[in-house]
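> Sequence and computational prediction follow.
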Amino acid sequence: MSAKEQQEEEIVALNAIYECDEAFKQVNDTTYQYKFGEEDTNKTFLIEIVWTEEYPNEVPNINLDTFYNRNLVQSVKDAIRSVLEQEAQHWLGCAMTYSLIECLRDRVDELTVEQPDSTVKSVQELTEEVEKLQASSSKPAKKEQLTKAQKRRQWERTDHRGEHPRGYNWVDIIRHLSQTGGKSQEDPPKS
């Protein structure tokens, strides 16, 4: 059986197995994604398995560099990738996408031990850095100063609640047309 035929059979099997699983996504005929862990936690990650032309006779490409994994520590990514590559070596010549996903599902807790539970510490550090930068800036923000005449004009343009009167920004049609110029009136043709 050729590699292409094996891939077609595996596509049918994967669609049947993961039909109702929201964590599984088929991006295209050769790219599959699976989301591990609870949503909105730091220990959740997305694995992307990309088949090569000779798959399953070759190890598929394993991608953990998606934007979803931006909070995943590099040592955790390396551990996941090495476990999947070792598991893929055992399944060469066979359909292995399901096996790789199940292998990770069984070992997800063990592989994400080094991943911190939250990024609160780094957010606090960033807040402290921002405060230091604001304190170190020597010039305070300059406030706009209006003259008495400017303040009076602003007061006169608004009512007692600080709102503009109805139609304050309407365009005077007659003045507008006189400024833009209308059609020039030529002598009417004589009959």
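Perfect, thanks for sending it. Numbers count the residues shown, from 1 in each chain.
> Kindly check the end-to-end length of stretch 161-171 for me.
Start and end residues of stretch 161-171 are separated by 24 Å (Cα to Cα, to the nearest Å).
> Assess the claim that T30 and Q7 are in contact.
Yes - applying Cβ atoms under 8 Å, one finds T30 in contact with Q7, separated by 7.5 Å. From N, CA and C alone the C-beta is placed, and that goes for glycine too.
> Distance check, P56 against K143.
To K143, P56 is 68 Å away according to Cβ to Cβ, to the nearest Å.
> higher neighbour count, these two?
P56 (20 against 5; other Cβ atoms under 10 Å).
> helix or strand right after the helix or strand of the chain with the lowest mean pLDDT?
Across the helices and strands of the chain, mean confidence by mean pLDDT, DSSP states H and E is lowest for helix 120-136: a mean of 69. Later in the chain than helix 120-136, the nearest helix or strand by DSSP states H and E is helix 148-157.
> pLDDT at R157, what is it?
Looking at R157, its pLDDT is 76.
> Likewise for I49?
Looking at I49, its pLDDT reads 90.
> So it is in contact with T97, correct?
Yes - here I49 reaches T97: they are 5.6 Å apart, a contact under Cβ under 8 Å.
> that older thread, what residues are shared contacts of T30 and Q7?
Residues within reach of T30 and of Q7 at once, by Cβ atoms under 8 Å, 6 or more residues apart in numbering, are W51, Y55.
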